[in-house]
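A.B. asks: Show me how the following folds:
(one chain, ligands or ions: 2)
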Amino acid sequence: MRIKHTAARRTATALLGGVTATVVALTTAVPAGAAVGVMTDPAGDAKTSFKSGDVTKVRVKHGPKALRLAVTHAAESGLADVYRFNVDTDPKAKGPEWVIGTGIEVEQWRVFRADGWRGVDGGPVCTGGNDIDWDAERMRLVVPRGCLGSPERVRVNLVTSNDYPGTPVDHAPGKRTYGAWVTTG
Ligand SMILES: [Ca+2]
Ligand SMILES: [Ca+2]
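C.D. replies: Numbers count the residues shown, from 1 in each chain. Ligands and ions are numbered 1, 2, ... in the order given. I've put the predicted structure just below:
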C-alpha cells in the first residue's frame, strides 16, 4: 500500500509540475492584461486585377478594454478599399456574431451584428475612427469590447475587397476560416 501511495503521489506531483509549467509558459507568452493572436496569410494569393488588399498578417490583441486589430499587407500590394472582419464569439451559434467594417475612404470603423458571412443585421451599433499608416501600409483599429458584447474570447476572419458591397479579394487566414481563439487578459 505504501508503495502504491508513493507512486500515486509521485504521479500527482509530476502532473502538478506539468500544469505549473504550462501556466508559466502561457503567462510568459501573454503580455499583462492582453492576449495576442497573430494569423498569417500568404502573399500573392489575392484575387484582384490590381495590386491592392493582399493581406499577409492580422494581429489580434484582445485586451480588457478593447480589441485591437492590425493588418499588414504584401510588399507592393497596398491597402484594400474595404475590410470586413468577421468576429466569432460563440462557436455554438452558426457563423460570426459580429462584423467590423472599415475602409480607407471612410476613415472609420463600424460594428454590426452579423447576418452570416456576408450580410449585416441592422445599422451600426458602434463607430470610431481607423488609423492608417500609409508609409507602412498598415491598417489599425481599436474597438471597445463593449461593442462586441464584451466577449471572453474572439476569433477573427478578414475579407478584403476593393469595391462595394465587396467582391472578395483576399481572405485571412482562409475563406470562411477563423484564426485561433484569443481570450482577453
Ligand atoms: Ca494574402
Ligand atoms: Ca458563432
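
A.B. asks: Bridging across strands, which residues link to the residue most central in space within the chain?
C.D. replies: Geometric centre of the chain, nearest residue: residue 156, 3.6 Å, by CA atoms, centre = their mean. Bridge pairing for residue 156 (DSSP bridges) gives the partners residue 87.

A.B. asks: switch to numbering from 16
C.D. replies: Sounds good: first residue 16 from here, last item residue 171.

A.B. asks: how about the residues of the protein near ligand 1?
C.D. replies: Proximity of the chain to ligand 1 (CB under 5 Å from the ion) is limited to residues 56, 60, 69-70, 185. Yep, even glycine has a C-beta here, placed from its N, CA and C like the rest.

A.B. asks: Kindly recompute the last result at 6 Å.
C.D. replies: For the chain, the residues in contact with ligand 1 (CB under 6 Å from the ion) are 56-58, 60-61, 69-71, 185.

A.B. asks: Give me the neighbour count for the residue in the chain positioned nearest to ligand 1.
C.D. replies: As assessed by CB to the ion, ligand 1 sits closest to residue 56 within the chain, at 4.1 Å. For residue 56, the neighbour count with other CB atoms under 10 Å is 23.

A.B. asks: So the closest residue to it other than its chain neighbours versus residue 171, what's the distance?
C.D. replies: Ranked by CB to CB, 6 or more residues apart in numbering and with sequence neighbours excluded, the top spatial neighbour of residue 56 is residue 187, at 3.9 Å. As judged by CB to CB, to the nearest Å, residue 187 and residue 171 stand 9 Å apart.

A.B. asks: Next: residue 100.
C.D. replies: Using CB to CB, residue 100 is found at 6 Å from residue 171.
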